[in-house]
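Q: Next come a sequence and a model predicted from it.
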Amino acid sequence: ATDRCMVGKMEDGVGRLQAEALRRKERLKALRGKQLQNKADGEPENKKVLEDEEIKHRELKLRNYAPQDEVLKQRQMPQAKPASVEEKVKDQLEAAMLAPVIEEVDLANLAPRKPDWDLKRDVAKKLEKLEKRTQRAIAELIRERLKGQADSLADAVESAKQEEEDSD
């Protein structure tokens, strides 16, 4: 008895849902009709096409199903033939063959770096600054020596002149 009662309630629920769906469809059609009347002149064409498509039902295309009915057999699609893949595979193989093959390997690129290469890289900038300072210091020392030699040379020349004058 309870099973019959449950089935009866389910049928009532399904019938009620279908009735509500029909009412909803009618309301939507009425709204569309009002919108069409309001926008009769300024309506884009694509909306008209959409409405026409809604009216037409999609045609069945039976690709994988072999129907028994004669009417449905008319809608059956012919068996599709697979496309030839041989040409595409040949093209891909030829493209792969054209890739340049490296015949010689540069051993300098493959040899591992020395363990202290990163230290040398980091110290290189500091060494450049020190090298500039060293060059300046050497140049300054040379100038001082030349200045000192020039002074001593000038003193020697003057003393020689004084001796010549004294002897005359």
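A: In hand now; what should we look at?

Q: hey, let's count contacts and neighbours off CA atoms from now on
A: Noted.

Q: Tell me which stretches of the protein form helices.
A: Using DSSP state H, the helices of the chain run over 2-38, 45-55, 70-74, 86-97, 107-110, 117-167.

Q: What's the local residue count around residue 35?
A: 12 (other C-alpha atoms under 10 Å).

Q: do residue 154 as well
A: Residue 154 - counted by other C-alpha under 10 Å - has 12 other residues nearby.

Q: Now tabulate the helices of the chain in JSON lines and tack on mean pLDDT.
A: Converted to JSON lines, the helices of the chain look like this (pLDDT from 0 to 100):
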{"stretch": "helix 2-38", "mean pLDDT": "79"}
{"stretch": "helix 45-55", "mean pLDDT": "54"}
{"stretch": "helix 70-74", "mean pLDDT": "84"}
{"stretch": "helix 86-97", "mean pLDDT": "84"}
{"stretch": "helix 107-110", "mean pLDDT": "67"}
{"stretch": "helix 117-167", "mean pLDDT": "85"}
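
Q: phi, psi of residue 65?
A: Dihedral pair for residue 65: phi -110, psi 130, per degrees, to the nearest 10.

Q: Residue 94 and residue 24, how far apart?
A: Note on residue 94: its distance to residue 24, by C-alpha to C-alpha, to the nearest Å, is 62 Å.
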